[in-house]
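Peer 1: missing the sequence, but the structure's below:
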């Protein structure tokens, strides 16, 4: 694993470069609508096809502020804010060592366009709330929760607060491995000037009311909301339900020991205890007492234990079958020994 990670890191570092702006425009067919793969308050994301030196092509994602021309002052201000977010994202990602749990940064063009790895399998939000296919298995859900916890732990070790952790910002690569993305709001804890509170309603820590309150606990709260989403399959905010907030709905049920109502029965018996542990961890993450929230390292360790539990239990039938066979063999040997042994004789059955 160490060797693989080293090679991956080396390759990523080689690709962190400044691209030619016009080549990126060409790579997206002039920002063709047919190449648009994502959009929001952050701007637009396009699928791009880069021509490499050895005549190979590489599919990447190219992020840009909104390209819609407008002369209104409000639109110009919005575009300026998008540019600031994009420049901040470039600065943050370029400062980070590589991680298998964070979207890989490949480079930029004049800090006006950003190039990152292409993630073809959409977002966690789409997987949980939009996809018409079968929901992810309980084991896959735990694995997703673990990978994102590791991403948050990695960022916090680097002194980075993401500030916008949500299911829409968790993307899946071609192997369905989740990665944390969208660092437009990310902040360095070491910076003397703290940014104004920001985030997404439903995921935003209610304790984060002023710049001075910025800490790792802000991300932990948002992660807790995502964890509740993963286990329950319910949206962070759903105005068709009461209460609309997943936190306001789930935490009382967790405190009352009604975890089955949150995860639809909890899946198979193997995962009942695991889901209860995950829900208790989620409740700690979204606690109104910010000081009592666990660190990302604690969360990671707990989920590793949760993941080990089902895997161990899953393999029990095989071991039970093995031991049952051993017991039966010993009984057969004993009966055979009794059958073949005459009074005063000793019979050795191997």
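Peer 2: Sure thing, it's come through. Just so you know, these numbers come straight off a predicted model, no measurement behind them.
Peer 1: Run through the protein and note the low-pLDDT ranges.
Peer 2: Scanning the chain with the threshold set as pLDDT under 70 gives 1-16, 41, 54-55, 67-79, 264-270, 309-350.
Peer 1: Tell me which residue is most central in it.
Peer 2: Nearest to the geometric centre of the chain sits residue 148, at 3.1 Å (Cα atoms, centre = their mean).
Peer 1: Now do the SS call for it.
Peer 2: helix (DSSP: H, G, I helix; E, B strand; the rest coil).
Peer 1: Going along the chain, name the helices of the stretch 51-200 of the chain.
Peer 2: With helices called from DSSP state H, counting those that start in this stretch, the stretch 51-200 of the chain shows them at 73-95, 124-129, 138-157.
Peer 1: Of all those helices, which one comes closest to residue 164?
Peer 2: With Cβ to Cβ as the measure, helix 73-95 is the member of those nearest residue 164 (9.9 Å). Every residue, glycine included, has its C-beta placed from N, CA and C.
Peer 1: how about the spatially closest residue to residue 63 that is not a sequence neighbour, what does it touch?
Peer 2: Of all residues not flanking residue 63 in the chain, residue 114 sits nearest, at 4.4 Å (Cβ to Cβ, 6 or more residues apart in numbering). Listed by Cβ atoms under 8 Å, 6 or more residues apart in numbering, the contact partners of residue 114 are 62-64, 86, 89-90, 93, 105, 107-108.
Peer 1: Quick check: residue 114 vs residue 304, distance?
Peer 2: Taking Cβ to Cβ, to the nearest Å as the measure, residue 114 falls 33 Å from residue 304.
Peer 1: related to what we said a few turns ago, could you single out the most deeply buried of the helices of the stretch 51-200 of the chain?
Peer 2: By mean neighbour count, with neighbours taken as mean count of other Cβ atoms under 10 Å, helix 138-157 ranks first of those at a mean of 21.
Peer 1: Against which helices or strands is it packed?
Peer 2: strand 178-180, helix 216-232, helix 272-285, helix 296-340 (3 or more Cβ pairs under 8 Å, 6 or more residues apart in numbering; DSSP states H and E).
Peer 1: Now do that helix: everything it contacts.
Peer 2: Helix 138-157 has contacts (Cβ under 8 Å, 6+ apart) with 96, 99, 101-102, 124, 136, 161-162, 165, 170, 177-180, 186, 216, 219-220, 223, 226-227, 230-231, 267-268, 270-271, 274-275, 278, 295-297, 299-300, 303-304, 306-307, 310.
Peer 1: can you state the direction angle for that helix and helix 272-285?
Peer 2: Angle, helix 138-157 to helix 272-285, by axes from the mean of the first three to the mean of the last three Cα atoms, to 10 degrees: 30 degrees.
Peer 1: How far does helix 138-157 sit from its chain's centre?
Peer 2: Helix 138-157 has its C-alpha centroid displaced from the chain centroid by 5 Å (Cα atoms, centre = their mean, to the nearest Å).
Peer 1: what angle sits between it and helix 216-232?
Peer 2: Counting by the same axes, to 10 degrees, helix 138-157 lies at 170 degrees to helix 216-232.
Peer 1: can I see the domain layout of this structure?
Peer 2: 2-117, 124-309 (automatic domain parsing).
Peer 1: Please identify the deepest-packed of those.
Peer 2: domain 124-309 (a mean of 18).
Peer 1: now that domain, how far from the chain's geometric center?
Peer 2: That offset, for domain 124-309, works out to 9 Å (Cα atoms, centre = their mean).
Peer 1: Tell me who's in contact with residue 192.
Peer 2: Neighbours of residue 192 in contact, by Cβ under 8 Å, 6+ apart: none.
Peer 1: Residue 90 now?
Peer 2: Residues in contact with residue 90 (Cβ under 8 Å, 6+ apart) are 105, 108, 111, 114.
Peer 1: Skip the chain neighbours and tell me the closest residue to it.
Peer 2: Nearest non-adjacent residue to residue 90, counting by Cβ to Cβ, 6+ apart: residue 108, 4.9 Å away.
Peer 1: any idea how far the one you found lies from residue 213?
Peer 2: Residue 108 sits 31 Å away from residue 213, going by Cβ to Cβ.
Peer 1: For residue 96, give me the backbone phi and psi.
Peer 2: phi -90, psi 140 (degrees, to the nearest 10).
Peer 1: Please tell me I have it right and it contacts residue 102.
Peer 2: Yes. Between residue 96 and residue 102 a contact is recorded at 6.8 Å, counting by Cβ atoms under 8 Å.
Peer 1: so the residue nearest to residue 90 bridges to which residues?
Peer 2: residue 18, residue 114 (DSSP bridges).
Peer 1: Spit out the contact partners of it.
Peer 2: With contact taken as Cβ under 8 Å, 6+ apart, residue 108 is in contact with 18-19, 90, 94, 114-115.
Peer 1: These: which two are farthest apart?
Peer 2: The widest separation within those (Cβ to Cβ) is 13.0 Å, between 19 and 94.
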